[in-house]
Structures are given as structure tokens and as C-alpha cells.
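Asker: Next comes the sequence, and after it the predicted model I'd like to discuss.
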Amino acid sequence: MSRPIILGIVGDSAAGKTTLTRGIAQLLGLENVTLICTDDYHRYDRQQRAEKGITALHPDCNYLDIMQQHLSLLRTGQPILKPVYSHKTGTFEPPQYIKPNKFVIIEGLLGYSTRAARDAYDVKVYLAPPESVRSQWKVKRDTQKRGYTPEQVLAELEKREPDSEQFIRPQRQWSDIVVSFYPANEEADEHLNVRLVLRPSIPHPDFTEIIDAGNDDSQSAIRLGLGRDMGKPVDVLEVDGHATLDQVNKLEHLICSDMPYLRNVCDRESNPELGKIAGTTGETLQSYPLAITQLLITYHMLKATQIYQ
């Protein structure tokens, strides 16, 4: 019997989970995707957290047992009655009946915090932007969308730091892909580079063709090399924000040529959200590093369908 293919996207608050997810969901087909945020499994609302002096990042502030139970049910294609937490009001809303589609994307803070939860995913991604970048993103998001002042956001970041260090960042070790968007220099730069740590826990596309022996690889806009992450050997793929469309197209071709369906996915006109990100003044920007990241993760989701569906 076929079952849903489940993608996990874990990272700290404002690490870029929703932006990454949006393009992946479009590539897979919105009608084929069920989106779930693990913030819905908070145990306490915003006022209760303040009274108890606990942050949303702490495992004790979340019903992790119910979350992993729901993940197990979704993996076998069964529906769940999912709780709903509103970031706008900081309170809970009536639960929702969720029936999984062909693909399920689970994003949130503590998605890999238990062994049972980790076993439910087919592909596991961890977002690890530099803390300076994440802070900027969190201030921007929480002031524009959640009604906070910059001072309140920065104070909350400081309050959450111990829990980030103890509970969120260690989940990096369980991921198949670590995604780190970072600025090319210390100045403000909306065209971020991306560093993709590719663990051997899943088979990645063969990117060796992107190495041009005639050029200095360190100066290339797209680089592939060997590295270590948390003490383990990994492949590292880097794509600069200033990479040209021609360079990116060659990399996309390597990913898309492996499966006939992906050749249609690579059509940018059919997937307008691919690589799209909001600029500092609200305009929409095209990020090739983001597009490559979304496409690579989609590749792994579709590969998994060949095995399990």
C-alpha cells in the first residue's frame, strides 16, 4: 500500500522554515501537500508561558508525545485531529481534522526531538542560518506580522538562547541536509549565499560535474567539496547569491535529469514561487540559492515516492 512521504523542516524561530516550505509545496503541487506546524503542539498559550517562565522552545512546553503519535498515524495514511495554536493571538483555536495527502511537510522547532518522531520522516532538513541573520529575520517578522516592538523581540531572543542551545541546535545532528543561508560579506546583503551540508544518510544527486577543472574552484559561484559537520564527514555544496542564471540552470539540469517528472518541475514559468523571497522593503526578490535548495529537497521527496509508493 502507498503511504504519504513525510518531510521534516526543523530550525529555530525565524530560521526561514516557512519561506523554504512555500516553494517546495508548490513544486510538489499544493493539492498534493499537507502542511503541519509543530507549534500547534504547544502545551501552554502565550500568557501561561509568561506566567510559568518557560519558553516555547522547551520540550516541557510542548505535547511531544501527541506530536509523535500523530506523526506515526500520518505515516500510515491515517487522519489526525490536530490542535491549532494562533501566533496572532497567542491562544489556541478549535482543533482541525487533517487527512494526509500524498506529501506531508512538518515544520517547527522540535520535530526531531524524539526517536519515534525522527523515525516518521523520509527526508529531514535542518535550517542553520548565522545567528545574526536569524535575529534580523525574527525582528522583521515579529514586528511586521505579530505586533511586537524590536526591543521586545530582542529581549525574547536573549531569554530563549539557553533553550536554543540545549534543545534546538542539537537536532542538527539528525538531519539529512543542513541548510545555511549566509551573507557574502558583513554588509547588509539580500542576495544570500547558501551552504548545503549533504549527509550520506540519503543518496544525493551526483554533483561532481559542476567542478570545472579549468577554473579556481574557490572563486566559482557554485562549489562542491568535502567537509565535516558535527564531527562526521559530509559533502558541502555552496551556491552564491551572485551566481548567474546560466550557472544555476546547469546545476538544476543535474538535479532534474535524474527523473522525468523533475524536468517539468524545473520549469520556472510553471513554478513562480521557486526561489522567491521578500526584500527588506517588501518587494519580491529572486534567490537562486533558495531555488536550488527547494529543488534539491523536492528531488528527495520524489525519490522517496519511488521507494514507498
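Answerer: Alright, I've got the coordinates. Given the structure is predicted, the values throughout are model-derived calculations rather than measurements.
Asker: Point out where the stretch 51-200 of the chain drops to low pLDDT.
Answerer: Residue ranges of the stretch 51-200 of the chain with pLDDT under 70: 186-190.
Asker: Show me where it has its helices.
Answerer: With DSSP state H, counting those that start in this stretch, the ranges of helices along the stretch 51-200 of the chain come out as 64-75, 115-118, 131-145, 150-163.
Asker: and the first one, what does it pack onto?
Answerer: What it means is helix 64-75. strand 5-11, strand 80-86, helix 115-118 (3 or more C-beta pairs under 8 Å, 6 or more residues apart in numbering; DSSP states H and E). C-beta here means a position set from N, CA and C on the backbone, and glycine is covered the same way.
Asker: do the longest one as well
Answerer: For helix 131-145, the packing partners by 3+ C-beta pairs under 8 Å, 6+ apart come out as helix 150-163.
Asker: Okay, buried residues for the helix it packs on please.
Answerer: Neighbour-count burial for helix 150-163, counted by 16 or more other C-beta atoms under 10 Å, picks out 153, 156, 157, 160, 163.
Asker: next one: stretch 32-49
Answerer: Buried positions in stretch 32-49, judged by neighbour count with 16+ other C-beta under 10 Å: 33-44, 49.
Asker: Show only the entries of those residues found in strands.
Answerer: Mapping the buried residues of stretch 32-49 onto strands (DSSP state E) picks out 33, 34, 35, 36, 37.
Asker: And the strands in the stretch 151-300 of the chain?
Answerer: Using DSSP state E, counting those that start in this stretch, the strands assigned to the stretch 151-300 of the chain run over residues 177-182, 193-198, 222-229, 232-239, 276-278, 284-286.
Asker: and the angle from the fourth one to strand 222-229?
Answerer: I take that to be strand 232-239. 150 degrees (axes from the mean of the first three to the mean of the last three C-alpha atoms, to 10 degrees).
Asker: tell me the mean pLDDT over strand 232-239?
Answerer: Mean pLDDT, strand 232-239: 95.
Asker: Show me what it packs onto, helices and strands only.
Answerer: When contacts are defined as 3+ C-beta pairs under 8 Å, 6+ apart, strand 232-239 packs onto strand 193-198, strand 222-229, helix 288-308.
Asker: Okay, buried residues for the longest one please.
Answerer: Neighbour-count burial for helix 288-308, counted by 16+ other C-beta under 10 Å, picks out 288-305.
Asker: Thank you, goodbye.
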